[in-house]
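Engineer: here is my input, please return the structure:
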Amino acid sequence: MSQSGFSLIVKFYLDNHVWIMDYVDRLTDTQLYWKATPTSNSVAFILWHLARWADNLQSFIPGMTDELSRRLPSNPQIWKTYKLAEQWGFPTEEMGFDDTGWGMDETLAGIIKFPARETLLDYVRQCFATVGTTLKLLTDDDLASEERPQPGNEDSWQPGIMVARTIFGHIQHDMRHLGMIEFLVGLQSGHGSITG
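Structural biologist: Alright, predicted model coming up:
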């Protein structure tokens with residue numbers, strides 16, 4: 001069965017999450033929480049940030065077009081539903097755009113404390129699984145449709161942008177951050193490649 005270009009975009013996005021989790025599962029706690037300087041980001045921070053964007057995306061998909069709003073149920077963010085910022089002791093008013101870390105003060109980003117490994121990775125896995133389940137419901141027609149503005153995406157929405165282009169933007173974002181994770185592991189161990 002051949003795949004369309006649109007369905008391949010979804011596949012590449014989801015493949016990123018498989019690669020990220022396969023790689024991170026091999027890391028020690030030291031590698032996960034290590035920071036190059038006291039205020040630098042750790043792998044844990046980058047993973048949380050990736051999960052927050054996946055959580056954000058899965059919550060926005062049902063509102064991206066009239067058809068998706070009609071066909072898909074609303075998807076509240078896991079982060080907000082379970083009040084994880086409060087549970088983890090994060091400064092909720094200072095976590096950047098939609099509590100994703102985007103635009104967050106770098107000093108604060110470097111000093112927040114992350115929960116235990118399995119608590120963090122459980123949230124990451126939930127977000128990756130939920131966005132994956134939601135994306136698999138999209139058709140080629142959905143992906144080729146123009147995305148509409150909705151509350152919360154005012155800063156990133158542009159007229160004429162297709163749903164597929166938004167997903168592709170998330171692919172680029174995740175790949176950049178996977179490279180950052182590899183770099184941080186490489187600084188610690190001398191070898192950070194995901195492929196070897």
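Engineer: from here on, just use CA atoms for contacts and neighbour counts.
Structural biologist: Will do.
Engineer: can you give me the neighbour number for the nearest residue in space to Gln58 that is not next to it in sequence?
Structural biologist: In space, and not counting its chain neighbours, Gln58 is closest to Val131: 4.7 Å by CA to CA, 6 or more residues apart in numbering. When neighbours are defined as other CA atoms under 10 Å, Val131 has 22 of them.
Engineer: so what's Val131 scoring on pLDDT?
Structural biologist: pLDDT for Val131: 97.
Engineer: before we move on, what about Leu120?
Structural biologist: In this prediction, Leu120 has a pLDDT value of 97.
Engineer: now tell me which helix or strand of the protein has the poorest mean pLDDT.
Structural biologist: helix 106-111 (a mean of 70; mean pLDDT, DSSP states H and E).
Engineer: I'd say Ala164 and Ile9 touch.
Structural biologist: Yes - Ala164 lies in contact with Ile9 (CA atoms under 8 Å); the separation is 7.1 Å.
Engineer: for this structure, what spans make up the strands?
Structural biologist: Taking DSSP state E as the criterion, the chain carries no strands.
Engineer: point out where it drops to low pLDDT.
Structural biologist: Within the chain, the segments meeting pLDDT under 70 span 1-3, 95-105, 107, 109, 191-196.
Engineer: so who does the residue nearest to Gln58 touch?
Structural biologist: Ala54, Asp55, Leu57, Gln58 (CA atoms under 8 Å, 6 or more residues apart in numbering).
Engineer: for PyMOL, what selects the buried ones among those?
Structural biologist: This is how PyMOL selects the buried members of the contacts of Val131, with burial counted by 16 or more other CA atoms under 10 Å:
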select buried, resi 54+55+57+58
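Engineer: fine by me, thanks again.
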